[in-house]
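Asker: Give me a 3D structure for the following:
(chains A, B, C and D)
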2 protein chains.
Amino acid sequence: MKRKYDLIYDELAKQIQEGVIKPGTLLPSEKELTEQFETSRETIRKALNLLSTHGYIQKVQGKGSIVLDINKLNFPISGLVSFKELSEKMGQRAKSHVESLELLSPGPHLQEQLKVHEGEFIWEVIRVREIDKEHIILDKDYLLQSKIPNLPLEQCKNSLYEYIEGELGLSIAFAKKEITVEEPTDEDRKYLHLNGFSNIVVVKNFVYLEDASLFQYTESRHRPDKFRFIDFARRNK
Amino acid sequence: MKRKYDLIYDELAKQIQEGVIKPGTLLPSEKELTEQFETSRETIRKALNLLSTHGYIQKVQGKGSIVLDINKLNFPISGLVSFKELSEKMGQRAKSHVESLELLSPGPHLQEQLKVHEGEFIWEVIRVREIDKEHIILDKDYLLQSKIPNLPLEQCKNSLYEYIEGELGLSIAFAKKEITVEEPTDEDRKYLHLNGFSNIVVVKNFVYLEDASLFQYTESRHRPDKFRFIDFARRNK
DNA sequence: GAGTGGTCTAGACCACCAT
DNA sequence: TGGTGGTCTAGACCACTCA
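Answerer: Numbers count the residues shown, from 1 in each chain, chains lettered A, B, ... in the order given. Below is the predicted model of the structure:
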């Protein structure tokens, strides 16, 4: 059974997206919504808080919940555009190549980043992302073998996240991203079509599971002209 | 009177920061905390949710709230490092120069970005940020005069946010950031010490007030070698 | 099965906005 | 002053983890 406040969130989000509720107007009051959805006020408030953190509405005390123009705010919410999502938009114009898939003993740099134990092995997946026949992104993923015993090559061609969360049932709780700009390495030059660009945008991603253990480190290296990151930050109350 | 859940949040956050509660251990259960703080469970849960979104703890159903290692996760929470915060860390090594402060009628580009009305004027503030005698960041701020009638030069030397939120009492609700990499403009070359770098990291920032109206557009142009952005994303329930 | 966090309720009082 | 959202309570039941 799905949560009640999720259902209410879905319903209201849909109405806003479809324009049934217009941007700039006010949502029905929380009291009215409790009657409309036959639930308690706290449940309505949970749904509204979700709408708020996802940029659908803005709550103003004493006034009401203002419906925002979702198109102007321009999603995704927090820059978490995976290549999978991107490629779905791009259709046939986007491709992914697995350049390498290995189980290896980590060197000092990776030991530091992943905090692996002595004698533990890690998976290394190197993938190149192609858009319109240009090689634009170099993705290097490192995963603890203790958490992921097997990593089929087939899965690497698609989304690692889908395999990890879907098939393995591991649940990703939070991630830390760090964006910097660096000079291209020999590896970058080897795999990417740099077109003379002398910088690479490096996105380092540290992924943690629900039990708060780190289990994946990803380095995503982008050609600068095709890089774009969007962040949507809300002041917390 | 401060909110109860804020007080509880402050107290627990302090204990975690000071190491009174050790990373890796579990917080007292919600039931115990209700007794300890003499409050209801929902109030405790609000405090714990704050700790969670700020990266202090990780809640696990059926188990408890795991205390995270705040130093490993390495703040700030969502990359909102203002130059003010940075300069406080850098002390005398960081400086800010106001290059220009003008009230102007917006051209088509700005009209588009800020969605200003016909005949409305906007403030333009251009500032250069210096670290260790190098000019590294070019900040261009645009603010609606209808929201900010006066903008003293003195304030521009420090933090615009402090003036806006502190003295004017306007309340910033949320912001959208967009990070891209571009080629330097003549303006970049004029104001910044580019040291031969052929790219500029551009951070566009759209700031909205509590009534959901856009009132500021900022373009922050960084020399790539000194740029660093950190994002801390949590899966929402 | 005991203990944990997650959801949900029904009601109270307060702070803020409009008129 | 009436209506709005914000805080807080006391209690219920469910889902999950672990021994």
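Asker: contacts, neighbours, all on C-alpha from now
Answerer: OK.
Asker: just checking, A:Gly62 is part of a strand?
Answerer: No - looking at A:Gly62 with DSSP: H, G, I helix; E, B strand; the rest coil, it is coil, so not inside a strand.
Asker: Those residues of chain A touching DNA strand C, which are they?
Answerer: Counting by CA under 7 Å from any atom of the strand, chain A comes close to DNA strand C at A:2-6, A:38-43, A:60-63.
Asker: filter those residues down to the ones close to DNA strand D.
Answerer: A:42, A:60-63.
Asker: wait, which of those residues is closest to A:Leu192?
Answerer: A:Val60 (48.5 Å; CA to CA).
Asker: got a list of what that closest one touches?
Answerer: A:66, B:210-211 (CA atoms under 8 Å, 6 or more residues apart in numbering or on different chains).
Asker: By neighbours, which of the residues you listed wins?
Answerer: Using other CA atoms under 10 Å in any protein chain shown as the neighbour test, the contacts of A:Val60 are led by A:Ile66, with 22 neighbours.
Asker: and for the strand or helix carrying that residue, what are the contacting residues?
Answerer: Secondary structure assigned from DSSP states H and E places A:Ile66 in strand A:64-67. With contact meaning CA under 8 Å, 6+ apart, strand A:64-67 is reached by A:16, A:21-29, A:56-60, B:211-212.
Asker: quick check, it touching DNA strand D?
Answerer: Yes - Strand A:64-67 reaches DNA strand D (CA under 7 Å from any atom of the strand) through A:64-65.
Asker: chain center to that strand, what's the gap?
Answerer: Here the centre of strand A:64-67 is set off from its chain's centre by 27 Å, with CA atoms, centre = their mean, to the nearest Å.
Asker: about what we covered before: pull the most distant pair out of the ones next to DNA strand D among the residues of chain A next to DNA strand C.
Answerer: Going by CA to CA, the pair spanning those furthest: A:Glu42 and A:Lys63, at 18.0 Å.
Asker: What is the subsequent helix or strand relative to the helix or strand of chain A with the lowest mean pLDDT?
Answerer: Every helix and strand in chain A was compared by mean pLDDT, DSSP states H and E; the lowest is helix A:83-90, with a mean of 58. Downstream of helix A:83-90, the next assigned helix or strand under DSSP H and E is strand A:94-104.
Asker: measure A:Glu219 to DNA strand C for me?
Answerer: 30 Å (CA to the nearest atom of the strand, to the nearest Å).
Asker: And what about that residue, helix, strand or coil?
Answerer: strand.
Asker: Would you check that it makes contact with A:Val203?
Answerer: Yes - using CA atoms under 8 Å, A:Glu219 is in contact with A:Val203, at 5.7 Å.
Asker: how about the strand or helix carrying A:Tyr142: buried residues?
Answerer: Taking DSSP H and E as the criterion, A:Tyr142 maps to strand A:134-144. Within strand A:134-144, the residues that count as buried by 16 or more other CA atoms under 10 Å in any protein chain shown are A:134-144.
Asker: This completes my enquiry, with thanks.
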